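S.K.: build me a model:
(chains A and B)
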Number of protein chains: 2
Amino acid sequence: MSIAKVTPGQTRIGWIGTGVMGLSMCGHVMKAGYATTVFSRTKSKAQPLLDAGAAWAESPQAVAAASDVIFTMVGFPPDVRACHLGATGTLAGAKPGSLLVDMTTTSPSLAVEIFESANAQGVHSVDGPVSGGDVGARNATLSIMVGGEAEAVAAVTPLFAVMGKTIVHQGGAGAGQHTKMCNQIVVAGTMIGVCESLLYGYRAGLDLETVLQNIAGGAAACWSLSNLVPRILKGDFNPGFFVEHFVKDMGIALDECRRMNLALPGLALVHQLYTSVLAQGEGKLGTQALLLALARISNVEFKPKASSA
Amino acid sequence: MSIAKVTPGQTRIGWIGTGVMGLSMCGHVMKAGYATTVFSRTKSKAQPLLDAGAAWAESPQAVAAASDVIFTMVGFPPDVRACHLGATGTLAGAKPGSLLVDMTTTSPSLAVEIFESANAQGVHSVDGPVSGGDVGARNATLSIMVGGEAEAVAAVTPLFAVMGKTIVHQGGAGAGQHTKMCNQIVVAGTMIGVCESLLYGYRAGLDLETVLQNIAGGAAACWSLSNLVPRILKGDFNPGFFVEHFVKDMGIALDECRRMNLALPGLALVHQLYTSVLAQGEGKLGTQALLLALARISNVEFKPKASSA
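M.R.: Numbering: from 1, shown residues only, chains lettered A, B, ... in the order given. Next up is the predicted model:
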């Protein structure tokens, strides 16, 4: 089925999932002039969008029935599966020629499964997970990693462009999700490097802020060092990105690794250490909480202020 | 013993170790107007400095006897030990009030040992390992991580300033070396993250240069991603930084960890994987060769060009 050109005031948008990311992203789409129908598991979370003129639908199926392009930005792979493939999912309502766009970070294999199910009924499907976090969503500076057929990707690109700054077509169905996994695997490495380094310096009696002056600009330079260490040194373990979401992402990558016969021992180790963060009931902390897990392993009481004394 | 103010044309410099780093660094000191005496295990490597007017001495002892401030930039901890504490080492020749400055990356515990031995005969000692590599040494943009007593550090700082851009006093003897370990521990994490990510993307059939467009600017951003991945994608495993030197550094950090009762599982894993690179006779390759070790583990024939096809 060919895809109609996406046009403000004409193309009807559906949006499913209005958490901290989805709320901002859908808001940008609405501001660009698209009539939008929303559904969220917790209706109150969608209220700002309803106040701004979005219509409400009672299920993903109902959203799809009222829309030409249907976005999902939900939580975990089972949520994504239910949203699209469930009894009241989008594919139960979507008409031929419509377009599903899952922007959740989820399994590449699931993205392929949704693509194939959609295809079987003349519906298009694109995967477009993002990086950039809540700040990137709010400021429309997300990096969007896109998988799917060229025509569908071209059709949805004007909509991506109102949500993000870097939009790259990576390949067929699932390629966006695979690219997001590449991103998360690097992050897993930088996180363990940064947290182990801090703990080493702390144990050696160094002043960690002074250490940063020497190392933040060279071969050790990384986003985690610049952005998370200042939080850690203030004892701030609040989430920029939730531990439980990162554990989900690494679990997906490891599942794909098993499928592809690929051993990634570093990723596996970091996944296990973060699992120990979950085991301590700290899944709602930010990813910098890896430091707490490492400190526990060695029975170190980490009080960064003490090291500056 | 108080330390004479370092003055061009007056303070006599000794320099031991004229490899790729030491040659550039000593050259900067000479250009700043200091009379210099050099020693190197392989005399021919010192020739450019001799041509520029440096005096030659037959041993570290002889260098020290002719100098007020004596630098070492050699290879491994046993070399550092021999240079300073050996029968013909600097301490056999140094007069009271002189100053030893080891800029090799070596063991913090060894730095303390040299400091104490020097102290016992009225000689000062500072540790000042660097990051920034051969390019940083050539352009005098090194980051220098300094440990030692305040007076000695203040005395040598004008000399550091002709070799580097970022000079930070981190604490007492050994604190410079500990800071370098902090740097290398972060690098260990970024290296495994980057190499595993590339291998994942390769196995998933992505075009790795296209992947970079999506991930290089966000939470995965790091020096290794920006600087080493382009080399890897060209199949270039030549050294910026030698595998065998990185294995040395990580080994030192792990020794210190054992001494401090600190478990760093990520560092230990990366050290083991790099040991497998050594075991393949690849110690003279650059640190990006970690990718080769990871590819072998999973029996992946890594040919990056093929992935762009």
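
S.K.: for the rest of this, base every contact and every neighbour count on C-alpha atoms.
M.R.: OK.

S.K.: low-confidence ranges, chain A, go.
M.R.: Along chain A, segments meeting pLDDT under 70 span A:1, A:305-309.

S.K.: how does it look with 50?
M.R.: Low-confidence regions of chain A, defined here as pLDDT under 50, cover residues A:306-309.

S.K.: let me see the domain layout of it.
M.R.: The record's domain split for chain A, according to automatic domain parsing, is A:13-172, A:179-308.

S.K.: columns distance to B:Glu149 on top of the ones you listed, output as a markdown table?
M.R.: Compiled in a markdown table, those are given as follows (distance: least, CA to CA, whole Å):
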| stretch | distance to B:Glu149 |
| --- | --- |
| domain A:13-172 | 44 |
| domain A:179-308 | 15 |
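
S.K.: make TSV out of these and add mean neighbour count and distance to B:Gly122.
M.R.: Supplementary listing: the domains of chain A in TSV, determined by neighbours: other CA atoms under 10 Å in any protein chain shown; distance: least, CA to CA, whole Å:
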stretch	mean neighbour count	distance to B:Gly122
domain A:13-172	21	56
domain A:179-308	20	26
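
S.K.: want to try a markdown table for the ones you listed, with distance to chain B as columns?
M.R.: What follows is the domains of chain A, written out as a markdown table (distance: least, CA to the nearest CA, whole Å):
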| stretch | distance to chain B |
| --- | --- |
| domain A:13-172 | 6 |
| domain A:179-308 | 4 |
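
S.K.: nearest to B:Ser125 among these would be which one?
M.R.: Comparison of those against B:Ser125 by CA to CA identifies domain A:179-308 as nearest, at 18.8 Å.

S.K.: and the helix or strand where A:Arg259 lies, what does it pack onto?
M.R.: Secondary-structure element containing A:Arg259, defined by DSSP states H and E: helix A:243-260. Packed against helix A:243-260 by the contact rule (3 or more CA pairs under 8 Å, 6 or more residues apart in numbering or on different chains; DSSP states H and E) you find helix A:175-203, helix A:265-279.

S.K.: moving C-terminal of the shortest one, what's the next helix or strand?
M.R.: In this case it means helix A:265-279. Proceeding C-terminally, helix A:265-279 gives way to helix A:290-297 as the next helix or strand, assigned by DSSP H and E.

S.K.: before we move on, what about the longest one?
M.R.: Using DSSP H and E, the helix or strand that directly follows helix A:175-203 along the chain is helix A:208-215.

S.K.: distance from the chain centre to that following helix, please.
M.R.: Its chain's C-alpha centre lies 31 Å from the corresponding centre of helix A:208-215 when counted by CA atoms, centre = their mean, to the nearest Å.

S.K.: quick one: contacts of the next helix or strand after that helix?
M.R.: Reading on from helix A:208-215 to the C-terminus, the next helix or strand found by DSSP H and E is helix A:223-233. Taking contacts as CA atoms under 8 Å, 6 or more residues apart in numbering or on different chains, the residues outside helix A:223-233 that touch it are A:187, A:190-191, A:194, A:208-209, A:216, A:237, A:288, A:304-305, B:218-222.

S.K.: next, the angle helix A:175-203 makes with the helix holding A:Arg259.
M.R.: Helix A:243-260 and helix A:175-203 are oriented at 120 degrees to each other (axes from the mean of the first three to the mean of the last three CA atoms, to 10 degrees).

S.K.: and the longest strand for chain A?
M.R.: With residue count as the measure and DSSP state E as the assignment, chain A has strand A:164-171 as its longest strand.

S.K.: what are the pairing partners of that one, and which direction each?
M.R.: Strand A:164-171 has the following sheet partners, assigned by DSSP bridges: strand A:142-147 (parallel).

S.K.: on that earlier part again, any chance of the helices and strands packed on helix A:243-260 in a markdown table, plus distance to B:Gly19?
M.R.: What follows is those, written out as a markdown table (distance: least, CA to CA, whole Å):
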| stretch | distance to B:Gly19 |
| --- | --- |
| helix A:175-203 | 28 |
| helix A:265-279 | 33 |
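
S.K.: B:Thr37 is nearest to which of those?
M.R.: Counting by CA to CA, B:Thr37 lies closest to helix A:175-203 out of these; the figure is 35.7 Å.

S.K.: that older thread, between the contacts of helix A:223-233, which is closest to B:Gly172?
M.R.: After measuring those against B:Gly172 - CA to CA - the closest member comes out as A:Leu208, at 14.6 Å.

S.K.: surely A:Thr105 and A:Asp249 touch.
M.R.: Yes. Using CA atoms under 8 Å, A:Thr105 and A:Asp249 qualify as a contacting pair, with a distance of 7.1 Å.

S.K.: so who does the spatially closest residue to A:Lys5 that is not a sequence neighbour touch?
M.R.: Taking CA to CA, 6 or more residues apart in numbering or on different chains, and ignoring the residues beside it in sequence, A:Lys5 has A:Ala155 as its nearest neighbour in space, at 6.2 Å. Neighbour list for A:Ala155: A:3-6 [criterion: CA under 8 Å, 6+ apart].

S.K.: so can I have JSON lines of the residues you listed showing secondary structure?
M.R.: Supplementary listing: these in JSON lines, determined by DSSP: H, G, I helix; E, B strand; the rest coil:
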{"residue": "A:Ile3", "secondary structure": "coil"}
{"residue": "A:Ala4", "secondary structure": "coil"}
{"residue": "A:Lys5", "secondary structure": "coil"}
{"residue": "A:Val6", "secondary structure": "coil"}
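
S.K.: let's have the residues you listed in TSV, adding neighbour count.
M.R.: Written out in TSV, the entries for the contacts of A:Ala155 read as follows (neighbours: other CA atoms under 10 Å in any protein chain shown):
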residue	neighbour count
A:Ile3	18
A:Ala4	13
A:Lys5	12
A:Val6	19
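
S.K.: of all the residues you listed, which two lie farthest apart?
M.R.: A:Ile3 and A:Val6 (8.5 Å).

S.K.: quick one: contacts for A:Val69?
M.R.: A:11-14, A:98-101.

S.K.: the same query, at a cut-off of 6 Å, please.
M.R.: Residues touching A:Val69, when contacts are defined by CA atoms under 6 Å, 6 or more residues apart in numbering or on different chains, comprise A:13, A:98-100.
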